[in-house]
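Trainee: make a model of this:
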Amino acid sequence: METSFMYGGANMAVCIECGKEFDVAAVRRKLSREYYKGVYDDQYPDANVCYDCALPDISASWGTGEDQIKDMGSGWDPD
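Mentor: Just a heads-up that it's a prediction; the model follows:
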């Protein structure tokens, strides 16, 4: 099964964890702004995990895990 394709000029992929389609470049940009440039490629060299599934894993590596995100409630915006 092919996991990436072009859609509207974006490099779309299908997440191996949740099955959701996602824009690989957008996930790279968003995580690079939150952590450091290249963090997504360091963790997921095959670029096969969406932002929602990658965030808890990357956050855990940085000591800002999913529990802390939940504790922040709706008043926290990671952008």
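Trainee: show me where this structure has helices.
Mentor: 24-34, 39-43, 51-61, 66-72 (DSSP state H).
Trainee: by how many degrees do the first one and helix 51-61 diverge?
Mentor: I take that to be helix 24-34. Using axes from the mean of the first three to the mean of the last three C-alpha atoms, to 10 degrees, the inter-axis angle of helix 24-34 relative to helix 51-61 is 30 degrees.
Trainee: state the mean pLDDT of helix 24-34.
Mentor: If you average the pLDDT over helix 24-34, you get 93.
Trainee: closest to Cys18 out of the helices of the chain?
Mentor: Of all the helices of the chain, it is helix 51-61 that lies closest to Cys18, at 5.5 Å by C-beta to C-beta. The way it works is simple: take the backbone N, C-alpha and C, and place the C-beta from them, glycine included.
Trainee: and the closest one, what does it pack against?
Mentor: Judged by 3 or more C-beta pairs under 8 Å, 6 or more residues apart in numbering; DSSP states H and E, helix 51-61 is in contact with helix 24-34, helix 39-43, helix 66-72.
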